[in-house]
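1. need a 3D model of the sequence below.
(one chain, ligands or ions: 1)
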Amino acid sequence: MLPAVVKLCCGISYPHLRSTAGLQRTAMAVIGQEIAHLQRWGQMQPRMRTHAGLNYNESKREDAPAKDDQLFYVQQGRGAMRKALSMLEDKDGWKVEIRESNGDVICSKVMPGARKVFRLEAVLEAGVDELYDLLFTRVEEMHQWNPSIQHIKVLKHVGPETIVTHEVSAETAGNLIGQRDFLSVRHSCKQKSCVYLGGAAIQLEAIPPQAGFVRAEDGPTCIVIQPLDGDTRKSHFTWLLNMDVKGWLPKSIVNQALPRAQLDFTRHLRRRLTASATLG
Ligand SMILES: CC(C)CCC[C@@H](C)[C@H]1CC[C@H]2[C@@H]3CC=C4C[C@@H](O)CC[C@]4(C)[C@H]3CC[C@]12C
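-> Here you go, the predicted structure:
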């Protein structure tokens, strides 16, 4: 009942919401977030059923999940990668959102269904393998160098290329979107000298949305890392951010926060790379 009433109210207020500005809009964003929390709490009936041999508290269990479950995750990961790459391959309709003085560029595109996706392109001072190591192999350490992330846990290693992860974003000052948690399948692939990191949200009844969090969905998404011509210590980094942050937030706020999150991520990654270069 509550969600239906909330939806109705939002529908009625939408035209007014579009014409608000400044602080009013900020206030609405915060109210929207509160409603999303309330709604989430309403849905928190425990429906713990272990799926695919995956239980949050027993993720290190030794007994192998059935082969077809493994196949399921690999297929989800590959499928996500394929979809994200085809979005990147389509060169039409991209609009420049931000052009930084260091050369980083973020473009956006409105996809069928009205979701806006963001493509960041940057040159990083690191080789492809180092980036693969930081962004995939050692993904659980990401919170150590990226304050936008509170924690990332690999719930399942499905072969060397595919993992199932639970990610929690941090509650950072100035971030109007607020904390989110994600459940994703992440798939990596090395081809020629390039690395591809794909991912998509998955749903597992064994890991329902966490109390007090809004479960967001990341993907189909993909990061492409290519060596820069003539310099193996530099890479071209392309990241398609395709996120449904969920909750009741004005689109304008979400569409400002997402490219900003990409710039933040890249800034922290650069800082991490400088640190490892100094430490040797
Ligand atoms: C704006 C708010 C809602 C979210 C801010 C945090 C965002 C930027 C965080 C939360 C979870 C993060 C992702 C978690 C895991 C991976 C897998 C890794 O192989 C590449 C980076 C990638 C894909 C991260 C990118 C940044 C990410 C999407």
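2. and for residue 134, the neighbour number?
-> 18 (other Cβ atoms under 10 Å). Just so you know, the C-beta spots here come from the backbone N, C-alpha and C atoms, and that holds for glycine as well.
3. and the residue nearest to it when sequence neighbours are not counted, what are its phi and psi?
-> In space, and not counting its chain neighbours, residue 134 is closest to residue 272: 6.7 Å by Cβ to Cβ, 6 or more residues apart in numbering. When read as degrees, to the nearest 10, the backbone of residue 272 gives phi -60, psi -40.
4. now residue 170
-> Taking degrees, to the nearest 10 as the convention, residue 170 sits at phi -90, psi 160.
5. got the contact list for it?
-> Each residue near residue 170 by Cβ atoms under 8 Å, 6 or more residues apart in numbering is listed here: 143, 147-150, 179.
6. could you turn the buried ones of those into a ChimeraX selection?
-> Typed into ChimeraX, the line below selects the buried ones among these, using 16 or more other Cβ atoms under 10 Å:
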select :143,148,149,150,179
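7. what's the closest of the contacts of residue 170 to the ligand?
-> residue 148 (4.4 Å; Cβ to the nearest ligand atom).
8. near the ligand, list only the ones from the contacts of residue 170.
-> Residues of the contacts of residue 170 in contact with the ligand (Cβ under 6 Å from any ligand atom): 148-149.
9. any idea how far residue 255 lies from residue 243?
-> Relative to residue 243, residue 255 is positioned 11 Å away (Cβ to Cβ, to the nearest Å).
10. which one of these two has more residues nearby?
-> Neighbour count, other Cβ under 10 Å: between residue 255 and residue 243, residue 243 has more, with 22 against 16.
11. so what touches stretch 255-268?
-> 97-98, 100, 104, 106, 108, 116, 118, 120, 122, 124, 145-148, 175-177, 237, 239, 241, 243, 245.
12. any stretches of the stretch 1-150 of the chain with poor pLDDT?
-> Applying pLDDT under 70 to the stretch 1-150 of the chain picks out residues 1-65.
13. just the CA coordinates of stretch 149-156, formatted as CSV?
-> C-alpha atoms of stretch 149-156 as CSV (Å, rounded to 0.1, in the frame of the first residue of the first chain):
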residue,chain,number,x,y,z
ILE,A,149,33.5,2.8,-1.5
GLN,A,150,32.8,1.5,2.0
HIS,A,151,33.4,-2.2,1.2
ILE,A,152,33.6,-4.7,-1.6
LYS,A,153,33.3,-8.4,-0.8
VAL,A,154,33.9,-11.2,-3.3
LEU,A,155,31.1,-13.7,-2.5
LYS,A,156,32.1,-16.2,-5.0
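14. got the buried residues for that stretch?
-> 149-150, 152, 155-156.
15. distance to residue 259 added to those, as CSV?
-> Below are the buried residues of stretch 149-156 laid out as CSV (distance: Cβ to Cβ, whole Å):
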residue, distance to residue 259
149, 17
150, 21
152, 22
155, 29
156, 31
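16. and the stretch 101-250 of the chain, which of its residues are near the ligand?
-> Residues of the stretch 101-250 of the chain lying near the ligand (Cβ under 6 Å from any ligand atom): 135-136, 139, 148-149, 152, 167, 169, 177, 180, 182, 186, 197, 199, 218, 223, 245.
17. mind giving me the ChimeraX select for those residues, buried ones only?
-> Of these, the buried ones go into a single ChimeraX selection, burial set by 16+ other Cβ under 10 Å:
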select :135,136,139,148,149,152,167,169,177,180,182,186,197,199,218,223,245
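18. now, which of the residues of the stretch 101-250 of the chain next to the ligand lie within strands?
-> Residues of these located in strands (DSSP state E): 149, 152, 167, 169, 180, 182, 186, 197, 199, 218, 223.
19. not counting its neighbours along the chain, what's nearest the second one?
-> Ranked by Cβ to Cβ, 6+ apart and with sequence neighbours excluded, the top spatial neighbour of residue 152 is residue 167, at 4.8 Å.
20. correct me if wrong: the one you found contacts residue 182.
-> Yes - using Cβ atoms under 8 Å, residue 167 is in contact with residue 182, at 4.4 Å.
21. okay then, goodbye and thanks.
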